[in-house]
Every structure is written in structure tokens, then in C-alpha cells.
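1. Show me the folded form of this:
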Amino acid sequence: MARMSEEQKKDLKLKLALATVVVVVGGAGYLAGPGLEPVFLDYAREHKTEPWAPEWYYKCAKVMQWTFRPERAQEVFEEFYLTYGGHDWELDFEPVLEERHGDEDQAYYLPWVNAKFDGLPGIDEDDPDIKNRRPAPVSKEPHPLLGKVLYEIGFHFERERQYYQCDHIYSVLYHMWPEGSEAHQLAVAARKRRLLSSF
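-> Sure, this is the predicted structure:
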């Protein structure tokens, strides 16, 4: 076999480097794009009781935001809320609400994103969209990431100019998460931003 000249070696190295870049960039593009759901999100859904699964949900939704798919990211954040929001946690908030707000409309401060997700009274329970959107919660306690997820849901509504929804969620974060927590700080910043944008 004939030896390769220096120029042929350089050409081969260049082709190998180019092929490597194409494979790496293409693979990363696939995993951040159409491959994100079948590879990562579906796996997290199948193992949603595992301790790492909520983090995967959150990160998948953030990647969807960064890759210009805000609507799909919103759906994943909402799915996180339904899956890891805990059940019956409004009962835990009732004493806090009584203490802070007295006879005010406590339902406003309950941590619901909207009635359709939670099947509140007055919603048609036979609507297949509602039945199919409500996965069984994984635990009684809300997940620690829930505050950040609710903020992301609220911020999406703010970008879409659905101000009633975003103000409601920011109010929930402000009143229901302890002062100094990340969720409370996000709510404080969001409420300031909303106040400034209203002028």
C-alpha cells in the first residue's frame, strides 16, 4: 500500500474533523430538538417516582424554551405541576390563608394554575381534555422545584399578555412560599416588573 503524502494526511485529518463536528453537532441538535421527548422526557415520565425525574422534567422544559418552543415548554411545566404539585395541599394552606387574609376570598390564593387543570367545581368532568390532562400526583407534598415551575408558567402567561393568569400565579408564589425562598424572590421581582410595565 502506498504511503500517504503530507497533503493527503492533512486532507484526511480535515475530513475526519469535519465528520466528527457533524456527528457531534447533529447529535446534540437531535437531543435538544426532536429527540428530547423520546429520549429524556418519556423516560422521566416512565420513572416519575424516581428522585431524579422531576429535575429531568424541569430541564427538558428549559431546553424547549431555549430552542424556541415556548408552547411545548409550557405544556411540560404544566405537566410537572400536575404530577409533582402534591394532592390535598390546599388543606395545608387554609390555616395560613385564614391567618393572613381573614375573610378574603381564599380561593384566589390557592395554588391552582387554572380550573381546567384541577377539575374545580363548575368544570365539565366528562370533558376528555380535562380527564386526560390530570395525571395522578406522585406524592402528598409539593416538590421543591414547584415554585420555579409555577414562576415559569406565570412568566409564559405574562409574555402572552394573559395578565390575570400571571398575576394570580405571582400572587400565589408571593403569599404561599416563605420569605427568602427562591420562589418568593422570583415573585417579588415579577410583581415589581409587572408594576413598572403598567405605567
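2. Return the residues in contact with the residue nearest to V76 when sequence neighbours are not counted.
-> Leaving out its chain neighbours, the residue that sits closest to V76 by C-beta to C-beta, 6 or more residues apart in numbering is A61, at 3.9 Å. In this view, the C-beta of every residue, glycine as well, is placed from N, C-alpha and C. Neighbouring residues of A61 by C-beta atoms under 8 Å, 6 or more residues apart in numbering: 73, 76-77, 80, 149, 152.
3. Helix or strand with the lowest mean pLDDT in the protein?
-> The helix or strand of the chain with the poorest confidence is helix 115-118; it has a mean of 42 (mean pLDDT, DSSP states H and E).
4. returning to what we had before: mind picking the lowest-pLDDT entry from the contacts of A61?
-> Here the lowest pLDDT out of the contacts of A61 sits on F80, with 88.
5. can you pull out the helices in this protein?
-> Taking DSSP state H as the test, the helices found in the chain are 6-32, 36, 42-46, 53-66, 70-84, 89-101, 115-118, 128-133, 146-159, 163-176, 182-197.
6. residues in contact with the third one?
-> In other words, helix 42-46. 52-53, 56-57, 60.
7. Can you list the low-confidence ranges for this protein?
-> Low-confidence segments of the chain, defined by pLDDT under 70: 1-2, 22-35, 86-141, 198-199.
8. Distance-wise, check A187 relative to F155.
-> The gap separating A187 from F155 is 11 Å, by C-beta to C-beta, to the nearest Å.
9. again with A189
-> 10 Å.
10. same deal with H175?
-> According to C-beta to C-beta, H175 and F155 sit 18 Å apart.
11. Of the two, which one has the most company?
-> F155 (20 against 17; other C-beta atoms under 10 Å).
12. Please name the residues that touch that one.
-> 166, 190.
13. so L145 touches Y81, yeah?
-> No - between L145 and Y81 there is no contact, the gap being 10.2 Å when judged by C-beta atoms under 8 Å.
14. Between the two, tell me which one has more neighbours.
-> The neighbour count for L145 versus Y81, taken as other C-beta under 10 Å, is higher for Y81 (23 against 16).
15. what does stretch 70-77 contact?
-> 41, 57, 60-62, 64-65, 149, 152-153, 156, 159.
16. Kindly provide the distance from the nearest residue to K59 once chain neighbours are set aside to M64.
-> Excluding the flanking residues, the one nearest K59 by C-beta to C-beta, 6+ apart is F40, at 7.9 Å. Distance check for F40 against M64: by C-beta to C-beta, it reads 11 Å.
17. hang on, L186 packs against G147?
-> Yes - look at L186 against G147 with C-beta under 8 Å: they come within range, at 7.2 Å.
18. what touches both of these two?
-> L173.
19. before we move on, the earlier item: among the contacts of stretch 70-77, which pair sits farthest apart?
-> L41 and R159 (22.2 Å; C-beta to C-beta).
20. between these two, who's got more neighbours?
-> Shown here are L41 and R159; by other C-beta under 10 Å, L41 has more neighbours (21 against 11).
21. residues contacting the more buried one?
-> 56-57, 60, 76.
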